[in-house]
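Trainee: Model the following, please.
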Amino acid sequence: MKLHCEVEVVSRHLPALGFRNRGKSVRAVLSLCQHSPRSPPRPWAGGSRAGPHPACLLISTLKDKRGTRYEQLKKNIEQFFTKFMDEGKATIRLKEPPVDICAISSSLRSFLSAVRLAHRGCDIQAPLSPLTPAKTSEFDKFKTKMVITSKKDYPVSKNFPYYLEHLQTSYCGLVRVDMRIFCLKNLKKLDLSHNHIKKLPPAIGDLIHLQELNLNDNHLESFSVALCQSTLQKSLRSLDLSKNKIKALPVQFCQLQELTDLNLDDNELIRFPFKIGQLTNLRFLSAARNKLPFLPSEFKNLSLEYLDLFGNTFEQPKVLPVIMLQTPLTLLESSARTILYNRIPYGSHIIPFHLCQDLDTAKTCVCGRFCLSCFIQGTTTMNLHSVAHTVVLVDNMGGTEAPVISYFCSLSCYVSSCDMLK
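Mentor: Numbers count the residues shown, from 1 in each chain. As a prediction, this is how the structure comes out:
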């Protein structure tokens, strides 16, 4: 019976001798073994020789595959510490030698049950492992990085190592995201570049530690709202969606507020999310070679270190504004403005879902107030150096200016800001 876990063996003699334990766990294979008559004799961890027993503990690491054997289990366990069992943590305290075996694993419960039986001298129903050195392949589960760059190397018959933190599967011809990836709860970096993926499953949002996601050179046409509202809001730092077929990102995309790096090069973008200014941590933004005709007004709220908008189809600012004012305001418009201005909480459990969508997509006036369908829309230009330290030229003529759409909630707001639109 074997348990792949992280183990720290703490000697209770060290503090009395004035030494400190190192306090660092190692990845190991913890085995409950059957003592074999054929096994060569080996010194007991307590320093003396003990007779054969039905079961013993063996802790093997990658550096010491033969492992350390704790033969005496029957009536030799002083205490089990299982207060944090639900978190996958437990400690076995032996009487002789005086050590604490601290283990971390999601499968501790059944293993500890078998150890308890060995302590009581009862028969153990589960099969015991042979008392042999661990194999190198047994430590593959502890790998934290795996890079696959060809279809022939892609694992089909076996799972990915459970402890992976960095997984790259490029040039593998994938048309969908492998569902086995969603079991990798420690994953921090996922690289699925250079494949044929058309759609992202919502389950990617269950990777609670994911910080970097690379989807470069695929066939994506959208980035779903479900992903924008998942745990990626708190974890995702870097996102590469370049060389896809994305035409627009949902307004909820701006809820990924931990983003620092965003690459949207070589897509078919016709607009940015108009609340892009909410990405306050964004520092590197590249959206070259798209079809952007203008930038949203909240683009002015960004504070970037690097910006690349080369090769977009920016239009010349329109001289005349688009007027969609209505007097008096409709009840829907007036209520929505009041809710947003006073930051009154709302949700689909309070008001109809379509009204929530209207509130989520409300436009922000230059005065800081909000409007839904009653506004004036004007176009101006902005120098991109006002939002970024380093700016790649917008075109081959050396320009660094781009058109920006602005909204005004009333005629007075428009008149007071008309100098800005000249």
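
Trainee: which stretches of this structure have low pLDDT?
Mentor: Within the chain, the stretches with pLDDT under 70 are 15-23, 35-54, 137-141, 319, 418-422.

Trainee: Show me the domain layout of it.
Mentor: Domain assignment for the chain, taken from automatic domain parsing, gives 2-36+50-138, 143-268, 322-421.

Trainee: Make JSON lines from those and add mean neighbour count and distance to residue 285 to it.
Mentor: Just so you know, the C-beta spots here come from the backbone N, C-alpha and C atoms, and that holds for glycine as well. Formatted as JSON lines, these follow (neighbours: other CB atoms under 10 Å; distance: least, CB to CB, whole Å):
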{"stretch": "domain 2-36+50-138", "mean neighbour count": "16", "distance to residue 285": "39"}
{"stretch": "domain 143-268", "mean neighbour count": "17", "distance to residue 285": "5"}
{"stretch": "domain 322-421", "mean neighbour count": "15", "distance to residue 285": "8"}
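
Trainee: okay, the ones you listed in TSV with distance to residue 311 next?
Mentor: As requested, those are arranged in TSV below (distance: least, CB to CB, whole Å):
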stretch	distance to residue 311
domain 2-36+50-138	48
domain 143-268	9
domain 322-421	8
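
Trainee: Relative to residue 293, tell me which of those domains wins on proximity.
Mentor: Among those, domain 322-421 comes nearest to residue 293, with 7.4 Å by CB to CB.

Trainee: Please state the offset of that closest one from the chain centre?
Mentor: Centre-to-centre, domain 322-421 and its host chain are 31 Å apart (CA atoms, centre = their mean, to the nearest Å).

Trainee: Minimum distance to residue 304: which of the domains of the chain has it?
Mentor: Ranking these by proximity to residue 304 (CB to CB) places domain 322-421 first, at 3.9 Å.

Trainee: Next up, the contacts around the residue nearest in space to the middle of the chain.
Mentor: Closest to where the C-alpha atoms of the chain average out (CA atoms, centre = their mean) is residue 210, at 1.7 Å. Counting by CB atoms under 8 Å, 6 or more residues apart in numbering, residue 210 touches 187, 188, 189, 190, 204, 232, 235, 236.

Trainee: out of those, which are inside strands?
Mentor: Those of those mapping onto strands are 189, 190, per DSSP state E.

Trainee: between the contacts of residue 210, which is closest to residue 307?
Mentor: residue 236 (20.0 Å).

Trainee: from the contacts of residue 210, which is closest to residue 252?
Mentor: residue 232 (11.2 Å).

Trainee: Contact partners for the closest one?
Mentor: 204, 205, 207, 210, 213, 256.

Trainee: again, 10 Å this time
Mentor: Residues near residue 232 by CB atoms under 10 Å, 6 or more residues apart in numbering: 204-208, 210-211, 213, 226, 239, 255-256, 258-259.

Trainee: Check the gap between the closest residue to residue 360 other than its chain neighbours and residue 175 for me.
Mentor: Nearest non-adjacent residue to residue 360, counting by CB to CB, 6 or more residues apart in numbering: residue 251, 6.2 Å away. Distance check for residue 251 against residue 175: by CB to CB, to the nearest Å, it reads 29 Å.

Trainee: State the helix or strand in which residue 6 lies.
Mentor: In the assignment (DSSP states H and E), residue 6 maps to strand 2-11.

Trainee: how about the contacts of residue 232 in CSV, adding secondary structure?
Mentor: As requested, the contacts of residue 232 are exported to CSV (DSSP: H, G, I helix; E, B strand; the rest coil):
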residue, secondary structure
204, helix
205, helix
206, helix
207, coil
208, coil
210, coil
211, coil
213, strand
226, helix
239, strand
255, helix
256, coil
258, coil
259, coil
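
Trainee: coming back round to it: of the contacts of residue 210, which is the nearest to residue 308?
Mentor: residue 236 (20.5 Å).

Trainee: mind listing what that closest one touches?
Mentor: Counted by CB under 10 Å, 6+ apart, residue 236 has contacts 204-205, 207, 210-213, 227-228, 230, 256-262.

Trainee: do that again at 6 Å, thanks
Mentor: Contacts here follow CB atoms under 6 Å, 6 or more residues apart in numbering; on that basis residue 236 touches residue 256.

Trainee: again with residue 163
Mentor: Residue 163 touches 142, 144, 186, counting by CB under 6 Å, 6+ apart.

Trainee: Also residue 182?
Mentor: 203, 206.

Trainee: is it true that it lies in a helix?
Mentor: Yes - applying three-state DSSP, one finds residue 182 inside a helix.

Trainee: where along the stretch 101-250 of the chain do the helices fall?
Mentor: 108-120, 225-228, 232-235 (DSSP state H, counting those that start in this stretch).

Trainee: Now distance to residue 399 too, for the ones you listed, in CSV please.
Mentor: CSV is the format used below for the helices of the stretch 101-250 of the chain (distance: least, CB to CB, whole Å):
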stretch, distance to residue 399
helix 108-120, 63
helix 225-228, 32
helix 232-235, 35
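
Trainee: Out of the ones you listed, flag the one nearest residue 323.
Mentor: helix 225-228 (31.3 Å).

Trainee: got the contact list for that closest one?
Mentor: With contacts defined as CB under 6 Å, 6+ apart, helix 225-228 is touched by 202, 205, 250, 252, 253, 255.

Trainee: Please state the offset of that helix from the chain centre?
Mentor: Per CA atoms, centre = their mean, the centroid offset for helix 225-228 relative to its chain is 13 Å.

Trainee: likewise stretch 169-181?
Mentor: 17 Å.

Trainee: and if you look at stretch 55-66?
Mentor: Per CA atoms, centre = their mean, the centroid offset for stretch 55-66 relative to its chain is 34 Å.

Trainee: contact partners of it?
Mentor: Here stretch 55-66 makes contact (CB under 6 Å, 6+ apart) with 7, 26, 28-33, 35, 67-71, 73, 118, 128, 133-134, 139.

Trainee: Next, the contact list for residue 379, please.
Mentor: So residue 379 contacts 317, 318, 403, 405 (CB under 6 Å, 6+ apart).

Trainee: same thing but at 10 Å, please
Mentor: 293-294, 297, 315-322, 403-406, 421.

Trainee: go on, residue 311?
Mentor: In this structure, residue 311 makes contact with 265-266, 287-292, 392-396, judged by CB under 10 Å, 6+ apart.

Trainee: will you turn the contacts of residue 163 into TSV that also has distance to residue 271?
Mentor: TSV is the format used below for the contacts of residue 163 (distance: CB to CB, whole Å):
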residue	distance to residue 271
142	46
144	39
186	36
